[in-house]
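**Student:** Show me the folded form of this:
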Amino acid sequence: MNTSMKTLLIALSALGLSATATAMPNSTTEATSSEAPAMQQQAPVAERPISEEALQQFTDAYKEVEEIRMDYADKAQKIDNPQEMSQLQMTMQAEMIEAVENTGIDIDTYNKLAQSIPYDADLRAKIEELL
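**Tutor:** Below is the predicted model of the structure:
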């Protein structure tokens, strides 16, 4: 698989999981100031240097998430009922979250790394190398 395709797959997969995690209620992450909308427009930045262990955990999690996504994409092709589709999506997202957490990385860190990939060429190169 070529590099640009891997990058695209990482980004798409991460966005799906990211949307799930941010949709979950969490009072500590809710925006309370007028600066929050402006912050959302900026590219995510890693808060501290990323360890090799965290990068490996991220790539392990990504692989698991991608497997789950592909499995559920096949199942979704056979569903016409919107309620069944919604239930399938919720089940898929729960499995993705569990898979990420089982690799030893938390959802917040996974999402921050995933969201940084399009903006950080060095990070992207390291992750692609591990894949």
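**Student:** Strands along this structure, start to end?
**Tutor:** Using DSSP state E, the chain contains no strands.
**Student:** for it, what helix or strand is lowest in average pLDDT?
**Tutor:** For the chain, counting by mean pLDDT, DSSP states H and E, helix 36-40 ranks last in confidence among helices and strands (a mean of 43).
**Student:** Which of the residues in the helix ranked longest in the chain are classified as buried?
**Tutor:** For the chain, the helix that runs over the most residues, judged by DSSP state H, is helix 52-76. Going by neighbour count (16 or more other C-beta atoms under 10 Å), the buried part of helix 52-76 is 54-55, 57-62, 64-66, 68-69, 72. All C-beta atoms are positioned from the backbone trio N, CA, C, and that covers glycine.
**Student:** Report all helices and strands that that helix contacts.
**Tutor:** helix 3-23, helix 82-102, helix 107-116, helix 121-130 (3 or more C-beta pairs under 8 Å, 6 or more residues apart in numbering; DSSP states H and E).
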